[in-house]
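>>> predicted structure and sequence below. I'll ask about it afterward.
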Amino acid sequence: MRRSKNQTTPFYQPCREIPLPKREKDRYVDATTQRVLKVANRRICMACAFFIVLLCVILGRLFCLTVLDYKSSTPRSLRLGGEENLSRYNIVDRNGTVLATTLTSWDISVNPTKVKNPEEVAHQLAEKLEGVSEQELLEKLQSDSNFKYIKRGATPNELEAVNWLGYHFLTYEVVDKRAYPQGSLFSHILGGVNIDNVGISGIEKSFDNELQSHEVQLSLDASVQEMVRTALQNGIQKYKAEGGLGMVMDIHTGEILASVSLPDYDPEKPAGKDELERFNMPTLGVYEFGSVFKLFNTAMALENKVVKVTDIIDATHPLKIGKKTMEDFHGQKRPLSVAEVLIHSSNVGSAKIALEAGYEKQREFLKKFNLFEKLPIPLPERGMPLYNTKDKWADIETANVSFGYGIAVTPLHLIAGVAALTNGGFYNVPTFIKDGNKDKPMVQVLDSQISEQLRHMMWAVVNWDPWTKNPAKHYAVGGKTGTANMKDGHSYNTNKVRTTFVGIFPVTEPKYIVQITLLNPKGIKETSMYNNAGWNAKTVGLNLINELAPYLNVSPVMDYQPPEFVQKAIETSLIKNGRKK
């Protein structure tokens, strides 16, 4: 465009705004361009909408993860009855308390061929991983293999610590790991699994298949188990025993509420434990229990009408059988009623009763209580009783069995047998599963009247002497003690004993039975240096019952009066022993 002669170029001062030329009001856009612009506009709108929706989804998911899931205080692997597909389900107690569960862990592996400085790497890994030695790691890192596990079942903290090392030759695999929230409290019953989560002992082994598909609920009660363990541990420490066991059972259903074996171990760290720690004494140990067996002997004689409760047995002198002489520990040295034979735990009186009955009646009676067979319990650790399997027993064997020698059974055999003696005469196979005997018929093995008489005599065993402390006297406890010499090889060591107390409560309507056994307790000043069961196992048992009764909703018995034959036995004993107040 050419300027006219009269048109001059304007001069603009510094900082003055220079006006732009006016744009054309109506720029021409052809139809093709308009279509392209509309398509582009739609695509931009669709893209914006897509990103807005995606942002909403992300924000919603973050809200669920950080707010909604956080409000649930139960970890994923501890949820019961959820929809999660667990590789191994929980084991819980009778109240639903988790005893064994499955948690997420990690297997950490290495390719040794890619490790250039194995000494340095082994040192760093040993600092981060618990339970793995530097020497063990070094051997793996120097291997010619291209794959080695350096830690299986690592915790989240261990994984994070190893990750921070930044080594490219380390790999990780998410796996399930069995965990036991109660620690060593149920170690012998629960057992354990191997590195591949396969049950190798205890309930974990017996229910290995069931645990792949559903939860297993035991008859045990975590609170009762803790009370028993604490009482037993205190008793072991007080009487300087080498170990011990304790059990509590429902006397009518056969359900085990507690089963403790000490010493015990951590089921998550079973390696390196000695044999006694791993040994489940209540179900696997086979022992002679001494005078506790006088309960079976008395019941057998009454059942077979060999004696009556009022009959008198002469226990004045020791009893000679062949070359053997039997005598009583602190014996009464006088004629005793059948009730007094039990009250004063007379070996002479028990042996005479057994010999009067004969070995055939004795053996048949014990057989009814499953004392000659393994118990069909849901545990692989089951002990087989030891006894003379010959067709005929000699008189000395019959006499020995009457007071608990010459026959060895597991503690579980004993507690189940005494329960049947005192619950009205019905035998239940002991079970560790809740409602495990619900649909099974009870077998009557003893007349109910004799069972009642035995309960009253057991009450007298515990309560006849008013000078003896009894912390559970308001719960009408009946019981029996037993002290047996322990064996060293094939001979008895008279300096080592196994002491046992079995108690039922209340004798009026028994609900529960308790057993306490101590291994080689020592005499202390408080016991006048005596180490027999009446001074230690009985004390531990009565203290435990006093603690258990309120928890188990057992009310005190304030108006109990024993029958006349028991009162007469007590009266005679008090006079003869100068203990009457």
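Now that the structure is in, tell me what you want to look at.
>>> how about the CA coordinates for the helix or strand harbouring residue 283, as CSV?
Per DSSP states H and E: residue 283 is located in helix 281-284. Output of helix 281-284 as CSV, limited to C-alpha atoms (Å, rounded to 0.1, in the frame of the first residue of the first chain):
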residue,chain,number,x,y,z
MET,A,281,4.0,-84.4,78.8
PRO,A,282,0.1,-84.4,79.2
THR,A,283,-0.5,-86.5,76.0
LEU,A,284,2.8,-88.2,75.2
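>>> packing partners for the helix or strand that comes right after it?
Using DSSP H and E, the helix or strand that follows helix 281-284 towards the C-terminus is helix 294-303. Helix 294-303 sits against helix 338-343, helix 347-357, helix 359-367, helix 395-402, helix 411-422, helix 448-463, with contacts defined as 3 or more C-beta pairs under 8 Å, 6 or more residues apart in numbering; DSSP states H and E. Yep, even glycine has a C-beta here, placed from its N, CA and C like the rest.
>>> make it 10 Å
Packing partners of helix 294-303 (3 or more C-beta pairs under 10 Å, 6 or more residues apart in numbering; DSSP states H and E): helix 338-343, helix 347-357, helix 359-367, helix 395-402, helix 411-422, helix 448-463, strand 478-488.
>>> okay, those in JSON lines with distance to residue 504 and mean pLDDT next?
Converted to JSON lines, the helices and strands packed on helix 294-303 look like this (distance: least, C-beta to C-beta, whole Å; pLDDT from 0 to 100):
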{"stretch": "helix 338-343", "distance to residue 504": "14", "mean pLDDT": "97"}
{"stretch": "helix 347-357", "distance to residue 504": "20", "mean pLDDT": "97"}
{"stretch": "helix 359-367", "distance to residue 504": "20", "mean pLDDT": "97"}
{"stretch": "helix 395-402", "distance to residue 504": "21", "mean pLDDT": "96"}
{"stretch": "helix 411-422", "distance to residue 504": "5", "mean pLDDT": "98"}
{"stretch": "helix 448-463", "distance to residue 504": "7", "mean pLDDT": "97"}
{"stretch": "strand 478-488", "distance to residue 504": "5", "mean pLDDT": "95"}
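>>> so for residue 191, which of those sits nearest?
helix 411-422 (15.9 Å; C-beta to C-beta).
>>> right, and the helix or strand after that closest one?
Downstream of helix 411-422, the first helix or strand assigned by DSSP H and E is strand 426-427.
>>> list the contacts for residue 532?
Listed by C-beta atoms under 10 Å, 6 or more residues apart in numbering, the contact set of residue 532 reads 290-291, 329-330, 345, 481-483, 497, 499, 521, 523, 538.
>>> which intervals of the chain have sub-threshold pLDDT?
Residue ranges of the chain with pLDDT under 70: 1-30, 66-86, 270-273, 581.
>>> if we go to 80?
Within the chain, the ranges that satisfy pLDDT under 80 run 1-37, 39, 64-87, 269-274, 580-581.
>>> which one's the longest helix in it?
Using DSSP state H to define each element, the chain has its longest helix at helix 31-63.
>>> list the buried residues in that one.
The neighbour-count criterion (16 or more other C-beta atoms under 10 Å) identifies no buried residues in helix 31-63.
>>> from now on call the first residue 660
That works, and once the first residue is 660, the last one we named lands at helix 690-722.
>>> which strand or helix spans the residue nearest to residue 811 when sequence neighbours are not counted?
Closest residue to residue 811 apart from its sequence neighbours, by C-beta to C-beta, 6 or more residues apart in numbering: residue 766 at 4.7 Å. Following DSSP H and E, one finds residue 766 within strand 757-769.
>>> residue 896: which of the helices and strands packed on helix 953-962 is closest?
When the helices and strands packed on helix 953-962 are compared by C-beta to C-beta, strand 1137-1147 sits nearest residue 896, at 19.7 Å.
>>> the strand holding residue 766: what's the following helix or strand?
Sequence-wise, the next helix or strand downstream of strand 757-769 (DSSP H and E) is helix 777-787.
>>> show me what that following helix is packed against.
By 3+ C-beta pairs under 10 Å, 6+ apart, helix 777-787 packs against strand 757-769, helix 793-800, strand 807-813, helix 815-822.
>>> out of these, which comes closest to residue 690?
Between residue 690 and the helices and strands packed on helix 777-787, the shortest separation by C-beta to C-beta is 61.9 Å, and it involves helix 815-822.
>>> name the residues that touch that closest one?
By C-beta under 10 Å, 6+ apart, the surrounding residues in contact with helix 815-822 are 762-765, 767, 783-784, 786-791, 809-810, 813-814, 829, 831, 833.
>>> PyMOL command to pick out the buried ones of those residues?
With 16+ other C-beta under 10 Å as the criterion, this PyMOL line picks the buried residues out of these:
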select buried, resi 762+764+765+767+783+784+787+788+791+809+810+813+814+829
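>>> span of stretch 896-912 from start to end?
Using C-alpha to C-alpha, to the nearest Å, one end of stretch 896-912 lies 33 Å from the other.
>>> list the buried ones in that stretch?
897-898, 900-912.
>>> same question for stretch 1215-1227.
1216, 1221, 1224-1225, 1227.
>>> show me the two of those residues that sit farthest apart.
Of all pairs in those, the most separated under C-beta to C-beta is 1216 and 1227 at 21.3 Å.
>>> returning to what we had before: and the furthest pair within the buried residues of stretch 896-912?
Farthest-apart pair in the buried residues of stretch 896-912 is 901 and 911; separation 33.9 Å (C-beta to C-beta).
>>> from the chain's centroid, how far away is stretch 1224-1232?
41 Å (C-alpha atoms, centre = their mean, to the nearest Å).
>>> what do you get for stretch 1043-1052?
Relative to the chain's own centre, stretch 1043-1052 is displaced by 32 Å; criterion: C-alpha atoms, centre = their mean.
>>> put the alpha carbons of it into PDB.
Extracted as PDB, the C-alpha positions of stretch 1043-1052 are listed here (Å, rounded to 0.1, in the frame of the first residue of the first chain):
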ATOM      1  CA  MET A1043       0.900 -95.800  74.900                       C
ATOM      2  CA  PRO A1044       0.300 -97.100  78.500                       C
ATOM      3  CA  LEU A1045       2.800 -99.600  79.900                       C
ATOM      4  CA  TYR A1046       1.700-102.500  82.000                       C
ATOM      5  CA  ASN A1047       2.100-106.300  82.300                       C
ATOM      6  CA  THR A1048       0.500-107.800  79.200                       C
ATOM      7  CA  LYS A1049       0.700-111.400  80.500                       C
ATOM      8  CA  ASP A1050      -2.500-113.300  81.000                       C
ATOM      9  CA  LYS A1051      -1.900-113.600  84.700                       C
ATOM     10  CA  TRP A1052      -0.600-111.100  87.200                       C
END
